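Engineer: Here is my input, please return the structure:
(2 chains)
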Amino acid sequence: AQKVTQAQTEISVVEKEDVTLDCVYETRDTTYYLFWYKQPPSGELVFLIRRNSFDEQNEISGRYSWNFQKSTSSFNFTITASQVVDSAVYFCALSEPVTGANNLFFGTGTRLTVIP
Amino acid sequence: DGGITQSPKYLFRKEGQNVTLSCEQNLNHDAMYWYRQDPGQGLRLIYYSQIVNDFQKGDIAEGYSVSREKKESFPLTVTSAQKNPTAFYLCASTRSGLTANTGELFFGEGSRLTVL
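Structural biologist: Next up, the predicted model:
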């Protein structure tokens, strides 16, 4: 079974629209971390955020915000007033540092295209 | 500027040939990682190294080999035993004392290997 599910394969929005990227995870551990990474066309992944399982506070960073809900095992990512530079593939990832290996479980990614 | 440099960016190989992908970092990071990315899939861990002269297999190590003779360098060899080597390969590292599953990963821009 997939540990991290990103059901949206591709999303297209017009510039200045808001967009939410969904991430649903599965784990039996009580201690875990969740991550979002951005992969622009240049190829490298860029770290955006890390949350631990004990901190359900939502976070906002500029136009980016994250909604962590343990009750629904979701860690969704919203971009407000999208810009063309936001076009990229976005990956959600999960780690289980106590029971898991030294590894991240990545979702399959969501390709976001922002149309000018 | 500090960062991770991967080379070559594009590589073509004939079946049956070994090929080595280079990964160099000047971030003074102890831990380094190799991931494989296939279209429509998340990243999968091949090998990782948390200290010089030591490395561990990831989820898909078969057909690959690595070495860690220097802190800055973690080359990956794709051997002829790898049945489906065509993929995008990403090298990453984390700050000293952290591991992939708790800390922020810094990625290189990747190497795209095509087997003819």
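
Engineer: where in chain A is pLDDT low?
Structural biologist: Applying pLDDT under 70 to chain A flags the ranges A:1, A:98-102.

Engineer: could you pull out the strands for it?
Structural biologist: Using DSSP state E, the strands of chain A run over A:4-5, A:10-14, A:19-21, A:24-25, A:33-39, A:46-52, A:59-61, A:64-69, A:74-79, A:88-95, A:105-106, A:110-115.

Engineer: Dead centre of chain B: give me the residue that sits there.
Structural biologist: Nearest residue to the geometric centre of chain B (Cα atoms, centre = their mean): residue B:34, 2.7 Å.

Engineer: from memory that one sits against residue B:89, does it?
Structural biologist: Yes - counting by Cβ atoms under 8 Å, residue B:34 does reach residue B:89; the two are 6.6 Å apart. Any C-beta I mention is one placed from the backbone N, CA and C, and that applies to glycine too.

Engineer: what sits in contact with each of these two?
Structural biologist: Residues touching both residue B:34 and residue B:89 by Cβ atoms under 8 Å, 6 or more residues apart in numbering or on different chains: B:46, B:76.

Engineer: ok, back up a step: the residue nearest to the centre of chain B: what secondary structure?
Structural biologist: Put simply, residue B:34 is strand when judged by DSSP: H, G, I helix; E, B strand; the rest coil.

Engineer: gap between residue A:59 and residue B:47?
Structural biologist: 32 Å (Cβ to Cβ, to the nearest Å).

Engineer: Next: residue A:77.
Structural biologist: Taking Cβ to Cβ, one finds residue A:77 at 29 Å from residue B:47.

Engineer: which one is residue B:60 nearest to, not counting chain neighbours?
Structural biologist: Nearest residue to residue B:60, sequence neighbours excluded (Cβ to Cβ, 6 or more residues apart in numbering or on different chains): residue B:44, at 5.1 Å.

Engineer: in which helix or strand would I find that neighbour?
Structural biologist: Residue B:44 belongs to strand B:43-51 when assigned by DSSP states H and E.

Engineer: which other helices and strands contact that strand?
Structural biologist: If contacts are counted by 3 or more Cβ pairs under 8 Å, 6 or more residues apart in numbering or on different chains; DSSP states H and E, strand B:43-51 sits against strand B:31-37, strand B:54-57, strand B:64-66.

Engineer: deepest of the ones you listed, which one?
Structural biologist: strand B:31-37 (a mean of 25; mean count of other Cβ atoms under 10 Å in any protein chain shown).

Engineer: Quick check: buried residues in the strand holding residue B:44?
Structural biologist: B:43, B:44, B:45, B:46, B:47, B:48, B:49, B:50 (16 or more other Cβ atoms under 10 Å in any protein chain shown).

Engineer: tell me the contacts of the spatially closest residue to the first one that is not a sequence neighbour?
Structural biologist: Closest residue to residue B:43 apart from its sequence neighbours, by Cβ to Cβ, 6+ apart: residue B:35 at 4.1 Å. Neighbouring residues of residue B:35 by Cβ under 8 Å, 6+ apart: B:43, B:44, B:45, B:46, B:89, B:90, B:91, B:92.
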